[in-house]
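J.: Sequence first, predicted model second:
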Amino acid sequence: MSIHVFADWGRFPDSVPAADAAAPRQVLPVAAVRDADPAASPPELRTVPGDTVFVSSRDTARLERFCAENRIPVRRRPDIWGDLLEPFLDTSFDGRHQSETLDRLARNGVGRAEAVRIRERVGPLMAAFNGVHQDWCHLGLADLLDAAASDLVPAGLRVRPQDRAAFRTWAMEIADRPGPTDPA
């Protein structure tokens, strides 16, 4: 069995294609899947090279079965982008919480100075994106990638089409930083 991929979103063979039917269709063979995190939001597959493929939350049970049937390790990964994007939530956090977040990032390969630089780079984009969404609970890698090309964000803040592949690679590399992972 393979996962069919439409743009950045994973789909199982009998599911409905993503809204962007013009997106190039790819097949992700089982051998290309390193591990999965069905508990992530949204659920994720991690490829051998380190890319993240998002799976619809409606397919969580199917993803779990797919992993079991194909002996794909299920691992709970640190949500590095969730921590990096926390300042852009429609919520405020006290100094202690902010310090704990920065400590968690450091344990996962993102030091304080780098976290500041990353937040400065994506801050205007994510502030504009979440100004529309008004999410107060969680922003993560999927949200960052959505925001990069979203019509909800002013054109001057979006990642230019010719720069999106490099931006996606940069974001994926950060998400794949070595850090503690827990077997699910």
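T.: Arrived safely.
J.: Please count neighbours and contacts with C-alpha atoms only from this point.
T.: Will do.
J.: which secondary structure elements does the host helix or strand of Ala165 contact?
T.: In this structure, Ala165 sits in helix 164-175 according to DSSP states H and E. Here helix 164-175 is seen to pack against helix 80-84, helix 141-149 when contacts are counted using 3 or more CA pairs under 8 Å, 6 or more residues apart in numbering; DSSP states H and E.
J.: Dump those to JSON lines, plus distance to Val53 and mean neighbour count.
T.: Supplementary listing: the helices and strands packed on helix 164-175 in JSON lines, determined by distance: least, CA to CA, whole Å; neighbours: other CA atoms under 10 Å:
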{"stretch": "helix 80-84", "distance to Val53": "15", "mean neighbour count": "21"}
{"stretch": "helix 141-149", "distance to Val53": "9", "mean neighbour count": "20"}
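J.: Kindly present the ones you listed as CSV, with separate columns for mean pLDDT.
T.: Conversion of the helices and strands packed on helix 164-175 to CSV gives the following (pLDDT from 0 to 100):
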stretch, mean pLDDT
helix 80-84, 96
helix 141-149, 93
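J.: Any idea which of those gets closest to Asp176?
T.: Closest approach to Asp176 among these (CA to CA): helix 80-84, 8.5 Å.
J.: Let me know the next secondary structure element after that closest one.
T.: In the C-terminal direction, the helix or strand that comes right after helix 80-84 (DSSP H and E) is helix 95-107.
J.: same question for that following helix, mean pLDDT?
T.: For helix 95-107, mean pLDDT is 94.
J.: which strands and helices sit next to the very next helix or strand once past it?
T.: Beyond helix 95-107 in the direction of the C-terminus, DSSP H and E gives the next helix or strand as helix 112-133. Packed against helix 112-133, as judged by 3+ CA pairs under 8 Å, 6+ apart, are the following elements: helix 80-84, helix 95-107, helix 141-149.
J.: With distance to Arg58 as added columns, please give the ones you listed in TSV.
T.: Putting the helices and strands packed on helix 112-133 into TSV (distance: least, CA to CA, whole Å) gives the following:
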stretch	distance to Arg58
helix 80-84	21
helix 95-107	29
helix 141-149	16
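J.: quick one on the thing from earlier: could I get the buried residue list for the helix holding Ala165?
T.: 167-168, 171-172, 174-175 (16 or more other CA atoms under 10 Å).
J.: And it, how far out from the chain middle?
T.: Helix 164-175 has its C-alpha centroid displaced from the chain centroid by 10 Å (CA atoms, centre = their mean, to the nearest Å).
J.: Touching it from outside, list them.
T.: If you take CA atoms under 8 Å, 6 or more residues apart in numbering as the criterion, helix 164-175 is touched by 50-52, 79-81, 141, 145, 148, 159.
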